[in-house]
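Undergrad: Predicted coordinates and the sequence they were generated for:
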Number of protein chains: 2
Amino acid sequence: MTPDESPLRAAPSFFEVVLHQRACREFSADPVSDGDLHQILEAATHAPSAMNHQPWVFVVVREEAARTALTTIMRELWEGGGREQTEGRVPDSLLHEVDLGFTKTLPEAPLLIVVAGDTGTAPLEQLGWSVYPAVQNLLLAANALGLGSALTTMGIFRGAEVQDITGLPPELVPMAIVPIGWPAVRLGPPRRIPVAQKVHRERYGNPW
Amino acid sequence: MTPDESPLRAAPSFFEVVLHQRACREFSADPVSDGDLHQILEAATHAPSAMNHQPWVFVVVREEAARTALTTIMRELWEGGGREQTEGRVPDSLLHEVDLGFTKTLPEAPLLIVVAGDTGTAPLEQLGWSVYPAVQNLLLAANALGLGSALTTMGIFRGAEVQDITGLPPELVPMAIVPIGWPAVRLGPPRRIPVAQKVHRERYGNPW
């Protein structure tokens, strides 16, 4: 799908975007404009956070050397244990898709956004609820524009190296790396467990 | 604002919803329909998660006794340290709004959604990126329908009691409690730090 063909671009409706978001790990060579990125980042920075501290920082990485360094870390973590831990716990088709991403296609994304959380505002274990909502806004906004994206966290297990590559100071801890680009493949609908199996009425165990 | 007056209800546009979401802590007595809740929960369950494990569980609590038990825990945590830790670190107007919520208005919300994460799929410290995107979808979807909501995490610091109240087994750990209802007040726009101060180009410190 090229930028011009995106069905959502004209007037993205909220529920259309939310119900059709899914991870994209194969990207075309088409560039992503600063205008689109600005819209995506504006959405991200409008997320809620504890006490409105907004402890998020985004580093947009387009340069090839830095992208290669980041995706190499991700690939090494995947090949050095991530894949083994995942095998047998997910459908083969998903394992194959993720494997292809880490070993081959993520380096082809035209840009990566490193998302960091500010441990000066709260301890790391309390930053998740103030940073991942912003990441979700970012993913949704990319989707709303027809762009592909994926929430990856593999790289944060070697966060100090991610800080070195992106110049982040020690208190800004990497919490996600999001590739963004135009999808090179047509993505199917997300595969999700139905509401009835995930929601309980009044007490756990009472059917919704 | 009553249900019928909501400007977003007819055809919520994605960016309109995302850029205008904000916390609501004062609710009218108008009921929230199961139909609206279903739409909200469907959005929540379409979020991404690590390896698509979807480790989220939602307990919708409408009964007054359980709501009172949950909001009492939240109030006690706020009054027993939360407020003191917050004073001086946020604008007075926000402190007042949060204080009013925990001490008076949250018990008036017609329902609370307790969101838990399944530690059977990953350790708790790795569940944030698989649960808070779903919570964000939930908040956004409520907003898209004109409903008010807020992401609160105060209650999780007494998670075992929250499990008792909602019947959650030990492996399903409470990660958020979200009040939902029709806003009793007209909410202003969210106050957010501009993109230019939160985004860096290639390396931290390079202006966007």
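TA: Nice, I can see it.
Undergrad: Just the strands from chain A, written as ranges.
TA: For chain A, applying DSSP state E gives strands covering A:56-61, A:111-118, A:148-149, A:172-181, A:199-201.
Undergrad: Show me what the last one is packed against.
TA: This points to strand A:199-201. The helices and strands touching strand A:199-201, judged by 3 or more CB pairs under 8 Å, 6 or more residues apart in numbering or on different chains; DSSP states H and E, are strand B:56-61. C-beta: built from backbone N, CA, C; applies to glycine.
Undergrad: All the helices of chain A, residue numbers only.
TA: With helices called from DSSP state H, chain A shows them at A:14-20, A:34-44, A:64-77, A:83-86, A:92-100, A:128-144, A:159-166.
Undergrad: Of all those, which one is nearest B:Leu127?
TA: Using CB to CB as the measure, helix A:128-144 is the one of those that comes nearest B:Leu127, at 8.0 Å.
Undergrad: OK, now which residue of chain A is nearest to chain B?
TA: A:Gly128 (2.6 Å; CB to the nearest CB).
Undergrad: ok, and the closest non-adjacent residue to that residue?
TA: Counting by CB to CB, 6 or more residues apart in numbering or on different chains, A:Gly128 lies nearest to B:Gly128, which is 2.6 Å off, once chain neighbours are set aside.
Undergrad: ok, now A:Arg203?
TA: Once flanking residues are discounted, A:Arg203 sits nearest to B:Gly167: 3.8 Å by CB to CB, 6+ apart.
Undergrad: unless I'm mixing things up, that neighbour is touching B:Val61, no?
TA: No - assessed by CB atoms under 8 Å, B:Gly167 is found out of contact with B:Val61, at 10.5 Å.
Undergrad: Can I get the strands of chain A in CSV including mean pLDDT and mean neighbour count?
TA: As requested, those are arranged in CSV below (pLDDT from 0 to 100; neighbours: other CB atoms under 10 Å in any protein chain shown):
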stretch, mean pLDDT, mean neighbour count
strand A:56-61, 98, 25
strand A:111-118, 98, 23
strand A:148-149, 97, 26
strand A:172-181, 98, 25
strand A:199-201, 98, 20
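Undergrad: quick one: which of those is nearest A:Ser28?
TA: If we rank these by CB to CB, the stretch that ends up nearest is strand A:172-181, at 6.7 Å.
Undergrad: returning to what we had before: go ahead and confirm the residue nearest to A:Gly128 touches A:Gln126.
TA: No - with contact defined as CB under 8 Å, B:Gly128 and A:Gln126 do not form a contacting pair (9.5 Å).
Undergrad: Please identify which of the two sits among more neighbours.
TA: More neighbours sit around B:Gly128 than around the other of B:Gly128 and A:Gln126, counting by other CB atoms under 10 Å in any protein chain shown; the figures are 24 against 17.
Undergrad: contacting residues around that one?
TA: Taking CB atoms under 8 Å, 6 or more residues apart in numbering or on different chains as the criterion, B:Gly128 is in contact with A:Leu127, A:Gly128, A:Trp129, A:Tyr132, B:Met175.
Undergrad: out of those residues, who's nearest A:Pro31?
TA: Distances from A:Pro31 to those, taken as CB to CB, are shortest for A:Tyr132 (27.6 Å).
Undergrad: who's in contact with that closest one?
TA: Under the criterion of CB under 8 Å, 6+ apart, the neighbours of A:Tyr132 are A:Met175, A:Ala176, B:Gly128, B:Trp129, B:Val131, B:Tyr132, B:Pro133, B:Gln136.
Undergrad: and if you look at A:Gln136?
TA: Taking CB under 8 Å, 6+ apart as the test, what A:Gln136 contacts is A:Ala47, A:Leu151, B:Ala47, B:Pro48, B:Tyr132, B:Pro133, B:Gln136, B:Asn137.
Undergrad: Apply 10 Å and report the result again.
TA: The neighbourhood of A:Gln136, defined by CB atoms under 10 Å, 6 or more residues apart in numbering or on different chains, consists of A:18, A:21, A:43-44, A:47, A:151, B:18, B:47-48, B:129, B:132-137, B:139-140.
Undergrad: Not counting its neighbours along the chain, what's nearest A:Leu145?
TA: A:Asp36 (5.4 Å).
Undergrad: Equivalent analysis for A:Leu124, please.
TA: A:Val173 (5.8 Å).
Undergrad: what residues are up against the closest residue to A:His200 other than its chain neighbours?
TA: In this structure, A:His200 finds its nearest non-sequential neighbour in B:Val59, 4.7 Å apart by CB to CB, 6+ apart. Under the criterion of CB under 10 Å, 6+ apart, the neighbours of B:Val59 are A:199-206, A:208, B:66, B:112-116, B:162-163, B:165-168, B:172, B:174, B:177.
Undergrad: Could you list the low-pLDDT ranges of chain A?
TA: Residue ranges of chain A with pLDDT under 70: A:1-11.
Undergrad: No further queries at this time; thank you.
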